[in-house]
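1. Just to be clear, the model below is a prediction. Sequence and coordinates:
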Amino acid sequence: MPTLRFLNLEEEKRRRILEAAKKEFSSYDYDKVSINRIIQESEISRGAFYTYFPDKDDLLVYLFEAEEDKAVGHFMEIMARNNGNFFQSIQEWVIEIVKIRKKQIVQDSFAMFYRSGFLKNLSLASMKSHMDRGRRDNIDVVLEAIPKDYFPKTLSEEEKGIGIQTAFSLASLSLLQSFSIEKRKEGISDPEDDKEQEAFIEQILYVFQKQIQLLEKALGGKE
């Protein structure tokens, strides 16, 4: 986690550092990420950087947490709009993100996750553990927003949590697949190839929705 010194910085300076870091992590594979480029881009000294973050792992954890908090915040807005209907909301959430996937802020978020080697880099084991704890906190927040009679009374809190985590895992996988296809589309000039890629993304969304519907049924949400 960042130090109190970083958290106490003026907002503009914090924003500048985080934007430089996000740009770096979304542009280079994890082992090629350079602290020097981050400090040059954000116009701070190397010494100052290490008073804010112990190392680049810690900075990356913080970036991921900030991205996840924003994503969960947007999801909670959709949940409120749908009166706490979790399964309807997670489908709408994924579709909305896919619709705006060409926007740079979305591209950067997925590129950062993809390039970091988050799913395979053993040196980030501490990050995975830390973020798992944060993810459990977010699941608790989601559970609090779901009406008490939404799930069958026979389901335990643990089973509800597992169901919610499974739904978010399916959502993450679908979004990453969509992003990967979008990256492969770069440089494509043939309209037919472009249509084929779009059709593939639509298929990913269709499969995701079917998976969510099956999960909802398994948890007693639908007969």
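-> Everything's here; your move.

2. Just read off the phi/psi values of the spatially closest residue to residue 163 that is not a sequence neighbour.
-> With Cβ to Cβ, 6 or more residues apart in numbering as the criterion, residue 163 has its nearest non-adjacent residue at 4.8 Å, and that residue is residue 219. Placement of C-beta: from N, CA and C, glycine included. Main-chain torsions, residue 219, degrees, to the nearest 10: phi -90, psi 0.

3. list the contacts for residue 219?
-> Shown in contact with residue 219 (Cβ atoms under 8 Å, 6 or more residues apart in numbering): 151, 152, 155, 159, 160, 163.

4. Ok, residue 2 next?
-> So residue 2 contacts 52, 53, 58, 59, 62 (Cβ under 8 Å, 6+ apart).

5. quick one on the thing from earlier: sitting in helices, which of the contacts of residue 219 do you find?
-> 159, 160, 163 (DSSP state H).

6. residue contacts, the last one?
-> Same thing as residue 163. Here residue 163 is in contact with 151, 155, 215, 218, 219 (Cβ under 8 Å, 6+ apart).

7. Just the closest of those to residue 174, please.
-> residue 215 (13.0 Å; Cβ to Cβ).

8. For the helix or strand harbouring the closest one, what does the pLDDT average out to?
-> Counting by DSSP states H and E, the element that carries residue 215 is helix 191-218. With pLDDT averaged residue by residue, helix 191-218 scores 87.

9. on that earlier part again, for residue 94, state which of the contacts of residue 2 is nearest.
-> Distances from residue 94 to those, taken by Cβ to Cβ, are shortest for residue 62, at 24.9 Å.

10. quick one, phi/psi of the closest residue to the closest one other than its chain neighbours?
-> Of all residues not flanking residue 62 in the chain, residue 2 sits nearest, at 5.5 Å (Cβ to Cβ, 6+ apart). Torsion angles at residue 2 (phi, psi; degrees, to the nearest 10) stand at phi -70, psi 160.

11. shaky segments in this structure?
-> The model of the chain has pLDDT under 70 over residues 101-111, 113-136, 182-193, 221-223.

12. Tell me which helix or strand the spatially most central residue of the chain sits in.
-> In the chain, the residue lying closest to the centroid (Cα atoms, centre = their mean) is residue 68, at 4.9 Å. Assigned by DSSP H and E, residue 68 belongs to helix 56-81.

13. sorry, back to before: name the residues of the helix holding residue 215 that are buried.
-> By neighbour count on 16 or more other Cβ atoms under 10 Å, the buried set for helix 191-218 is 201, 204, 205, 208, 209, 211, 212, 215, 216.

14. How far away from the center of its chain is it?
-> On the basis of Cα atoms, centre = their mean, to the nearest Å, helix 191-218 sits 19 Å off its chain's mean C-alpha point.

15. now the strands for this protein?
-> Taking DSSP state E, the chain contains no strands at all.

16. most surrounded residue in the contacts of residue 2?
-> The most crowded member of the contacts of residue 2, judged by other Cβ atoms under 10 Å, is residue 59 (24 neighbours).

17. can I assume that residue is in contact with residue 65?
-> No. Assessed by Cβ atoms under 8 Å, residue 59 is found out of contact with residue 65, at 10.8 Å.
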